[in-house]
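Undergrad: any chance you can model this:
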Amino acid sequence: MGISIQIVQRDGWDMIGYEGPIDAEAEVHLTQLLPKLGKHLVFNFRNTGTVNSCGVRSWINFMRELQKTPRQIVFQECTGDVVMQMNMIPSFKGSATIQSVYGAYICDSCGHEDNVLFEAGKTLPESNEVELPAKPCPSCGAQMELAEMEEEYFAFLAA
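TA: Coordinates of the predicted model:
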């Protein structure tokens, strides 16, 4: 799967949809993206694939370049792979505000998995010191739990 980056202007914000993996190929795309961006940016990661070490390096360099100019940066619909990188490497997030992240819930009874969107001001915890309520499984009715430990999955909130 290749990389596709779409930019749509909405109410003074550049809405950037990143589709595909953040890998070695990302550097070329991100470098080309820099001169097209304004001061208010929203990155949507809903369709982002895997993130590997070459991609992390490219993304961190991109964020450093972005932050050389004062900007408002927002991340939304961060996938589990993006959340993992934000937790391991704080410079992956940089100065971005997190608007929403996906969390994987799993049912121990039947194995059903479900991605749940946690949104700031609604369901996204304010810190990583939280115990999320169980969620009923749509397949069997048993209680589903977040696949990761809450305090580890939401560690980026403490940074």
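
Undergrad: centre-most residue in the chain?
TA: Centroid check for the chain by C-alpha atoms, centre = their mean gives C78 as the closest residue, at 2.0 Å.

Undergrad: show me what contacts Q72?
TA: K39, H40, L41, T97 (C-beta atoms under 8 Å, 6 or more residues apart in numbering). C-beta: built from backbone N, CA, C; applies to glycine.

Undergrad: chain center to the helix or strand hosting the third one: distance?
TA: The reference is to L41. Element membership for L41 (DSSP states H and E) is strand 40-44. Centroid separation for strand 40-44 versus its chain: 11 Å, with C-alpha atoms, centre = their mean, to the nearest Å.

Undergrad: one more: stretch 6-24?
TA: Centroid separation for stretch 6-24 versus its chain: 13 Å, with C-alpha atoms, centre = their mean.

Undergrad: and for stretch 52-59?
TA: Relative to the centre of its chain, stretch 52-59 is centred 14 Å away, using C-alpha atoms, centre = their mean.

Undergrad: same check on stretch 40-58?
TA: 8 Å.

Undergrad: end to end on it, go ahead and measure it.
TA: When the termini of stretch 40-58 are compared using C-alpha to C-alpha, to the nearest Å, they are 21 Å apart.

Undergrad: begin at 313 from now on, thanks
TA: Got it, first residue is 313 now, which makes that one stretch 352-370.

Undergrad: any buried residues in that stretch, and which?
TA: Within stretch 352-370, the residues that count as buried by 16 or more other C-beta atoms under 10 Å are 352-357, 360-361, 363-364, 367-368, 370.

Undergrad: do stretch 461-471 as well
TA: The neighbour-count criterion (16+ other C-beta under 10 Å) identifies E462, Y465, F466, A467, F468, L469 as the buried residues of stretch 461-471.

Undergrad: next, format the residues you listed as CSV and append pLDDT.
TA: Converted to CSV, those look like this (pLDDT from 0 to 100):
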residue, pLDDT
E462, 92
Y465, 95
F466, 95
A467, 94
F468, 94
L469, 92
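
Undergrad: pretty sure P450 sits against D426.
TA: Yes. P450 lies in contact with D426 (C-beta atoms under 8 Å); the separation is 7.0 Å.
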